[in-house]
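*Asks:* Below: sequence and its predicted model.
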Amino acid sequence: MSAAENRVLMRSMGQNSIVQPLLTDLYQITMAYAYWKAGKHHGNAVFDVYFRKNPFNGEFTIFAGLEECLKFLETFRYSDSDIAYLKQILPACIEEQFYEYLASLTADEIKLYAVKEGTVVFPRVPMIRVEGPLIVAQLLETTLLNLVNFASLMTTNAARYRLAAGKLKLYEFGLRRAQGPDGGLSASKYSYVGGFDGSSNVLAGKLFNIPVKGTHAHAFITSFKCLEELNTSTLVPKQGGTTGDFLGNTLRWREKLSQLLNIVLSEVNNGELAAFVSFATAFPDGFMALVDTYDTVRSGLLNFCAVALALHDFGYRAIGIRLDSGDLAYQSQVARNYFNKIASEYSLPYFSELNIMASNDINEETILSLNEQGHCINSFGIGTHLVTCQKQPALGCVYKLVELDDEPRIKLSHDVAKVTIPGKKNVFRLYGHQFSLIDLLQRPDEVPPTNNQKVLCRHPFQESKRAYVIPSKVEDLLILFWSNGKICQKLPNLQEIRDNVHHNLSILRNDIKRSLNPTPYKVSVSDNLYHFLHDLWLDNAPIGELS
Ligand SMILES: Nc1ncnc2c1ncn2[C@@H]1O[C@H](COP(=O)(O)OP(=O)(O)OP(=O)(O)O)[C@@H](O)[C@H]1O
Ligand SMILES: O=P(O)(O)OC[C@H]1O[C@H](OP(=O)(O)OP(=O)(O)O)[C@H](O)[C@@H]1O
Ligand SMILES: O=C(O)c1cccnc1
Ligand SMILES: [Mg+2]
């Protein structure tokens, strides 16, 4: 499906249609009126979007949500019914001409600069810069933040799971526990962007071209009580030919295996076997069994292996198992041990490679702990912790006015971390030979840093913290994406954004990415910007009197 067809589908389903100008806080509209009354609405404003602290006790964040922001700008216009509704809820004193003016607004005079979607970003670095008429730029605040905050948080969360899991497969299984339908869809989309291999969410698969994957639930297993319930116990061999007795074959294997694996046959559950046989005859090429319903070691694994060997006799190969409770490390090792024994006993090397999927309340720490313990898991199915970002449910991106009509604006705070860096800024990423070294914010009229030229980088607030950097590569991070009412860059598809995430993580040092006590990445200002910031700070901070 083309991107345009997708968009039409999304709108017709009411998915993306909730992203519209009234998806905002009331105060944006009341401010708009007050700006208009004050004659400030045409002022040329510059707003920065940035956050102050990385999520998940980490030291990096992945920027995502840009395409959605640009699509919002494309459609930004108050409809007649929006205006009618605003007239109902706003005070009667609001002048009629204001509503006429509001109805005429578009994002055509806005310029939006942003870092590329999927880029790694750090505190205080503007991820988006919005320039244009104060009234429009202000009206965009809440919606843009809404589109960027969860997308970036989710992508960062997924990227952290990806770092923890290394090359193991990761599937997002969270729709049932997600924050409503839109949260669920966004979670599936941005999990994929952050490095997941697929999702169980079928609509996300359809809309975003994400691989969809799944096994079966305990309900399927518990729906069978005994072998007599099976209405199909035969199977046509993969190569064709006469239909054979699949159940009989499975039972013969089960008896043999019970001796090989030393499992007491009377303890093995027949309802579970019936379910496995049933699933295998429905999907002989895609047999993946949930083995923990009764007893993984004493029932599920034996039943699975018996069905897998019967499938082999019919020319098919089973895929593997899913573990959904108990000690996942231990059970995965028992399972692999069984698979290896069978592989060598019956000369079936692929049996050693059968997939072991683990699920059940898994989070980043569980994966790291499993890695430390040692395990034989190949893939994880992850829901709740991933999609709800349970460890940190919000990213604190803010939208701050930094310049109006070419004059810098500063927001002071007792908390230094909350002081804004005033004025329009350019952002450069300075690289060493392998990794990115530091980000440098400059005033727009400064000479940009260049390769192999020494540049002074200063901590924005601590005078003594300075360093000379000789970059071997310089990247100008902020790119103009929206100008003259149009998206003015070719936008990457989801796969390309995902590749960009992967690339961005590869240029970040491991100590910055590690889960426990990571090293902060340095974000600096030029000497010029340092003085500009501190002079303005002094100009705006009143001198107190002690008495
Ligand atoms: N080897 C392991 N190391 C660390 N954490 C693990 C390990 N194995 C499982 N876990 C985690 O421990 C928790 C076990 O949770 P819980 O006790 O609710 O499950 P359970 O009792 O095994 O499952 P159920 O109640 O469905 O039978 C899960 O969060 C799981 O991801
Ligand atoms: O554990 P999560 O990371 O959220 O992953 C998804 C979970 O969803 C399913 O459980 P289900 O909804 O059947 O409930 P359960 O927790 O009782 O297994 C599945 O078996 C996983 O356990
Ligand atoms: O396909 C699965 O195994 C699955 C899907 C959603 C939630 N839990 C498991
Ligand atoms: Mg569960």
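*Replies:* Everything's here; your move. Ligands and ions are numbered 1, 2, ... in the order given.
*Asks:* contacting residues around stretch 457-477?
*Replies:* With Cβ atoms under 8 Å, 6 or more residues apart in numbering as the test, stretch 457-477 has contacts from 115, 119, 124-125, 416, 419, 421, 426-433, 437-441, 448-456, 522-527, 529-530, 533. All C-beta spots, glycine's among them, are computed from the backbone N, C-alpha and C.
*Asks:* Over to stretch 20-29?
*Replies:* 75-78, 82, 85-86, 89-90, 102, 138-139, 141-143, 146.
*Asks:* pLDDT averaged over the host helix or strand of residue 372 - what is it?
*Replies:* Residue 372 belongs to helix 364-373 when assigned by DSSP states H and E. Average pLDDT, helix 364-373: 98.
*Asks:* And it, how far out from the chain middle?
*Replies:* 20 Å (Cα atoms, centre = their mean, to the nearest Å).
*Asks:* Whether it contacts ligand 1 - can you check?
*Replies:* Yes. Using Cβ under 6 Å from any ligand atom, helix 364-373 reaches ligand 1 at 366, 369-370, 373.
*Asks:* and the residues you listed, which are buried?
*Replies:* Buried members of the residues of helix 364-373 next to ligand 1, scored by 16 or more other Cβ atoms under 10 Å, are 366, 370.
*Asks:* could the residues of helix 364-373 next to ligand 1 be laid out in CSV, adding distance to ligand 2?
*Replies:* Shown next, in CSV, are these (distance: Cβ to the nearest ligand atom, whole Å):
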residue, distance to ligand 2
366, 9
369, 15
370, 14
373, 19
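*Asks:* What is the neighbour count of the residue of the stretch 351-500 of the chain found nearest ligand 3?
*Replies:* With Cβ to the nearest ligand atom, the shortest gap between the stretch 351-500 of the chain and ligand 3 falls at residue 381, namely 5.3 Å. Residues near residue 381, counting by other Cβ atoms under 10 Å, number 24.
*Asks:* What distance do you get for it to residue 153?
*Replies:* Note on residue 381: its distance to residue 153, by Cβ to Cβ, to the nearest Å, is 21 Å.
*Asks:* swap in residue 132?
*Replies:* Separation of residue 132 from residue 153 (Cβ to Cβ): 27 Å.
*Asks:* ok, now residue 32?
*Replies:* For residue 32, the distance to residue 153 - Cβ to Cβ - is 28 Å.
*Asks:* which of these two has more neighbours?
*Replies:* The residue with more neighbours, out of residue 32 and residue 153, is residue 153; 27 against 21, by other Cβ under 10 Å.
*Asks:* gap between stretch 121-129 and the chain center?
*Replies:* Offset of stretch 121-129 from its chain centre (Cα atoms, centre = their mean): 18 Å.
*Asks:* what sits up against that stretch?
*Replies:* Outside stretch 121-129, the residues within contact range by Cβ under 8 Å, 6+ apart are 46-54, 59-63, 66, 69, 112-115, 144, 148, 152, 397, 417, 421, 424-425, 427, 439, 441, 460, 477-478, 521, 523.
*Asks:* Quick one: buried ones out of those?
*Replies:* Using 16+ other Cβ under 10 Å as the burial test, the contacts of stretch 121-129 include 46-51, 54, 59-63, 66, 69, 112-115, 144, 148, 152, 397, 421, 424-425, 427, 439, 441, 460, 477-478, 521, 523 as buried.
*Asks:* Give me the subset of the residues you listed lying in helices.
*Replies:* 66, 69, 144, 148, 152 (DSSP state H).
*Asks:* returning to that earlier point: if any of the contacts of stretch 457-477 are buried, give me the ChimeraX selection for them.
*Replies:* Filtering the contacts of stretch 457-477 down to the buried ones (16+ other Cβ under 10 Å) takes a single ChimeraX command:
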select :115,119,124,125,419,421,426,427,428,429,430,431,437,438,439,440,441,449,455,456,522,523,524,525,526,529,530,533
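*Asks:* Would you agree residue 306 is in contact with residue 250?
*Replies:* Yes. Using Cβ atoms under 8 Å, residue 306 is in contact with residue 250, at 5.0 Å.
*Asks:* Domain-wise, how is the protein divided?
*Replies:* Using automatic domain parsing, the domains assigned to the chain come out as 23-155+394-540, 215-377.
*Asks:* okay if I get those domains as TSV plus distance to residue 183?
*Replies:* Listed next are the domains of the chain as TSV, based on distance: least, Cβ to Cβ, whole Å:
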stretch	distance to residue 183
domain 23-155+394-540	7
domain 215-377	18
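*Asks:* of those domains, which approaches residue 187 most closely?
*Replies:* Taking Cβ to Cβ, domain 23-155+394-540 is the member of these nearest to residue 187, at 5.6 Å.
*Asks:* Check the average confidence over the closest one, would you?
*Replies:* For domain 23-155+394-540, mean pLDDT rounds to 97.
*Asks:* In the stretch 401-547 of the chain, mark out all the helices, start to finish.
*Replies:* Along the stretch 401-547 of the chain, counting by DSSP state H, counting those that start in this stretch, helices occupy 494-506, 510-513, 527-540.
*Asks:* let me redo that: the stretch 101-250 of the chain
*Replies:* Ranges of helices within the stretch 101-250 of the chain are 134-139, 141-165, 180-194, 202-208, 218-222, 246-260, based on DSSP H, counting those that start in this stretch.
*Asks:* can you tell me which of these comes nearest to residue 389?
*Replies:* Set against residue 389 and scored by Cβ to Cβ, those come closest in helix 141-165, at 5.1 Å.
*Asks:* For residue 38, see how far away the residue nearest the centre of the chain is.
*Replies:* Centrality entry for the chain: nearest residue to the mean C-alpha point is residue 155, 2.2 Å, by Cα atoms, centre = their mean. Per Cβ to Cβ, residue 155 is found 39 Å from residue 38.
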